[in-house]
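[1] let me see the structure of the following:
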Amino acid sequence: MLQTVVIVVHLLVALGVVVLVLLQHGKGADAGASFGSGASATVFGSQGSTTFLSRFTAILAAVFFVTSLGLAFFAKQQAGALSEAGLPDPAVLEVPAAEPATGDVPVLEKGASDVPQEQQKP
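    Next comes the predicted model:
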């Protein structure tokens, strides 16, 4: 149940970070604002939305980091529960050795090659 809540929060925060990054202006947009683009009439005041959006993006990034660590913790717990259940570890899975083939196997003589040689024309 808690893992589901963390996944939902993680996805919402990820979408929020994407939206906030897309809403922010680039560094070149500040030069255009100084030529009278009406920045003082914005909702966030004359300073603009730069500090608000950047702080909120930083907060969401921190929450995203924490939820990522939480999901890693849940994944480790589930892996530990699988090893306690007696299932084999995939990294230690043994593959049976191949048996030698029976039948006639052509053996090359010393110095012989199985690559066809070009014939000299007389």
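[2] report the contact partners of Ser68.
    Counting by CB atoms under 8 Å, 6 or more residues apart in numbering, Ser68 makes contact with His10. Where you see a C-beta, it was placed from the backbone N, CA and C, and this is true even at glycine.
[3] does it lie in a helix or a strand, and which?
    helix 50-84 (DSSP states H and E).
[4] list the buried ones in that helix?
    Leu53, Thr57, Leu60, Val63, Phe64, Thr67, Gly70 (16 or more other CB atoms under 10 Å).
[5] any chance of these in a markdown table, plus pLDDT?
    What follows is the buried residues of helix 50-84, written out as a markdown table (pLDDT from 0 to 100):
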| residue | pLDDT |
| --- | --- |
| Leu53 | 86 |
| Thr57 | 92 |
| Leu60 | 95 |
| Val63 | 96 |
| Phe64 | 96 |
| Thr67 | 96 |
| Gly70 | 94 |
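[6] can I get these in TSV including distance to Val17?
    Compiled in TSV, the buried residues of helix 50-84 are given as follows (distance: CB to CB, whole Å):
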residue	distance to Val17
Leu53	11
Thr57	6
Leu60	5
Val63	9
Phe64	6
Thr67	11
Gly70	16
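[7] so where's the chain uncertain?
    27-50, 83, 87-95, 98-109, 111-114, 120-122 (pLDDT under 70).
[8] the same query, at a cut-off of 90, please.
    1, 23-54, 77-122 (pLDDT under 90).
[9] using CSV, write out every CA atom in stretch 19-26.
    C-alpha atoms of stretch 19-26 as CSV (Å, rounded to 0.1, in the frame of the first residue of the first chain):
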residue,chain,number,x,y,z
VAL,A,19,6.1,21.2,-16.5
LEU,A,20,8.0,23.6,-14.3
VAL,A,21,11.2,23.3,-16.4
LEU,A,22,9.2,24.0,-19.6
LEU,A,23,7.5,27.0,-18.0
GLN,A,24,10.8,28.7,-17.1
HIS,A,25,12.4,31.2,-19.4
GLY,A,26,15.9,30.7,-20.7
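[10] that older thread, pick the one among the buried residues of helix 50-84 closest to Pro116.
    Phe64 (62.8 Å; CB to CB).
[11] how far away is the residue lying closest to the closest one once chain neighbours are set aside from Leu71?
    Computed as CB to CB, 6 or more residues apart in numbering, the closest residue to Phe64 that is not its neighbour in sequence is Val13, at 4.8 Å. Note on Val13: its distance to Leu71, by CB to CB, to the nearest Å, is 12 Å.
[12] right, I'll leave it there.
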